[in-house]
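*Asks:* Kindly generate the corresponding structure for this input.
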Amino acid sequence: MQRNIKTSLSGYMKYRSLGLLPFLLHRLAGLATLAFLTLHIATTATVFFAPQWYGTLIQIFRNPIIMIIEIILAFFIIFHGVNGLRIAYFDLFRPDLWDKQTTHEFIYITGLISFILWLPAFGILGYDLLKYGFGLFGSG
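*Replies:* Down below sits the predicted model:
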């Protein structure tokens, strides 16, 4: 099994194309989303199973480092969705677009759309970071 993992990882390193970055980011975003959803469900379940822990967990999530990770996670979730739509569109409707030039153009478009869609989340989560994480705006 270790050999299979080593072979797979070395294959990623040999792949020298702009397409590698969104491929790896899509995988990482999927794993980050899975981890977030698992943590979110477990935290929410404490309201029913261990209500005394819920407040403590919410205070942990107001740690500035955790809040910065949450801002990054918001981008990952949005990117994962937009990139997934790009892949589905290419696969289902326009398989002729799977050439190097068009793929590179759409990678930039995917990144731009993801960034634009992430900006409102950045504003809201950034405000919460400043308010609850750093105690600005009169509430801590």
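*Asks:* Below-threshold pLDDT in the chain: ranges please.
*Replies:* 1-2, 4-18, 139-140 (pLDDT under 70).
*Asks:* Please give me every residue in contact with the residue lying closest to Ser114 once chain neighbours are set aside.
*Replies:* Once flanking residues are discounted, Ser114 sits nearest to Phe79: 4.3 Å by C-beta to C-beta, 6 or more residues apart in numbering. C-beta coordinates here come from the backbone N, C-alpha and C atoms, glycine included. Residues near Phe79 by C-beta atoms under 8 Å, 6 or more residues apart in numbering: 25-26, 29, 110-111, 114, 118.
*Asks:* Which of those residues fall within helices?
*Replies:* 25-26, 29, 110-111, 114, 118 (DSSP state H).
*Asks:* what about the closest residue to Arg62 other than its chain neighbours, how many neighbours?
*Replies:* In this structure, Arg62 finds its nearest non-sequential neighbour in Tyr132, 4.7 Å apart by C-beta to C-beta, 6+ apart. Applying other C-beta atoms under 10 Å, we find 19 residues neighbouring Tyr132.
*Asks:* I'd guessed Tyr132 sits against Met67; true?
*Replies:* Yes - between Tyr132 and Met67 there is a contact under C-beta atoms under 8 Å: 7.4 Å.
*Asks:* ok so, going back, save the contacts of Phe79 as CSV, and put in neighbour count too.
*Replies:* Formatted as CSV, the contacts of Phe79 follow (neighbours: other C-beta atoms under 10 Å):
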residue, neighbour count
Leu25, 18
His26, 19
Ala29, 22
Thr110, 20
Gly111, 16
Ser114, 21
Trp118, 20
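*Asks:* Can you pick out the most distant pair from the residues you listed?
*Replies:* Across those, no pair lies farther apart than His26 and Trp118, at 15.3 Å, counting by C-beta to C-beta.
*Asks:* now, among the ones in helices among the contacts of Phe79, which is nearest to Ile87?
*Replies:* Among these, and counting by C-beta to C-beta, the member closest to Ile87 is His26, at 7.9 Å.
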